[in-house]
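Visitor: I'll drop the sequence and a predicted model, then ask my questions.
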Amino acid sequence: MLKDSDKVSVIKRIEFIRIELEDLKEYKNLTFQEYNSNRIARRNVERIIENVANALIDISKILIANENVDMPDSYREIILKLGEIKIIELDLARSISEIARLRNVLAHQYLDIKWSYIKNFLEEKVDDVYTFLNIIDSYIR
């Protein structure tokens, strides 16, 4: 059972992610040409996705810490652990864990490599993030 302070922390992060995803809607139809040439759009999209990834990881850490299981070493494994301990479905955990990988790609890769991950996030992962948030919101209440 989550402590009240942990519930509040998770709820704040869920709300934060929802706001970030709302802001991201402005870029839903972003093309590679725009991403490549518009530094402000590129910076905004990358920062929003990084913020979402960090908040997802934080939520996962809080939930795992309350389950008395070992904390995995990598961010990707932390999210996968939620599937292993049956807080979320394993398929969803796999999908969300790819966002942790995207977080690292944003920091270290070239624009064309980043773009393929960002396009995938905009087209597919956003729905998975909403599913994750809804499940976690129900789980903690």
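Guide: Okay, I see it.

Visitor: Compute the number of surrounding residues for S97.
Guide: S97: 23 surrounding residues under other C-beta atoms under 10 Å. (Each C-beta comes from the backbone N, C-alpha and C, glycine too.)

Visitor: So it, which state does it fall into?
Guide: Taken by DSSP: H, G, I helix; E, B strand; the rest coil, the conformation at S97 corresponds to helix.

Visitor: So it sits against R76, correct?
Guide: Yes. Between S97 and R76 there is a contact under C-beta atoms under 8 Å: 4.5 Å.

Visitor: what is in contact with these two at once?
Guide: With contacts defined as C-beta atoms under 8 Å, 6 or more residues apart in numbering, no residue is adjacent to both S97 and R76.

Visitor: Distance check, N51 against I64.
Guide: Here N51 is placed at a distance of 20 Å from I64 (C-beta to C-beta, to the nearest Å).

Visitor: cool, I57 as well?
Guide: 10 Å.

Visitor: residues shared between the contacts of these two?
Guide: I78.

Visitor: Quick check, D6 in contact with E67.
Guide: No. Using C-beta under 8 Å as the test, D6 is too far from E67 to be in contact (11.4 Å).

Visitor: who touches the worst-scoring helix or strand of the chain on mean pLDDT?
Guide: Of the helices and strands making up the chain, the lowest-confidence element is helix 111-120, at a mean of 89, by mean pLDDT, DSSP states H and E. For helix 111-120, contacts defined as C-beta under 8 Å, 6+ apart pick out L30, F32, Y35, N36, R42, V45, E46, I49, R101, L102, V105, L106.

Visitor: Return the set of buried residues in that helix.
Guide: K114, W115, Y117, I118 (16 or more other C-beta atoms under 10 Å).

Visitor: Using CSV, write down the CA coordinates of that helix.
Guide: Taking only C-alpha atoms (Å, rounded to 0.1, in the frame of the first residue of the first chain), the coordinates of helix 111-120 have been written out as CSV:
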residue,chain,number,x,y,z
LEU,A,111,18.9,14.3,-35.8
ASP,A,112,17.9,11.6,-38.3
ILE,A,113,18.1,8.9,-35.6
LYS,A,114,16.3,11.0,-33.1
TRP,A,115,13.6,11.7,-35.6
SER,A,116,12.6,8.1,-36.1
TYR,A,117,12.2,7.7,-32.4
ILE,A,118,10.3,10.9,-32.0
LYS,A,119,8.0,10.1,-34.9
ASN,A,120,7.2,6.8,-33.3
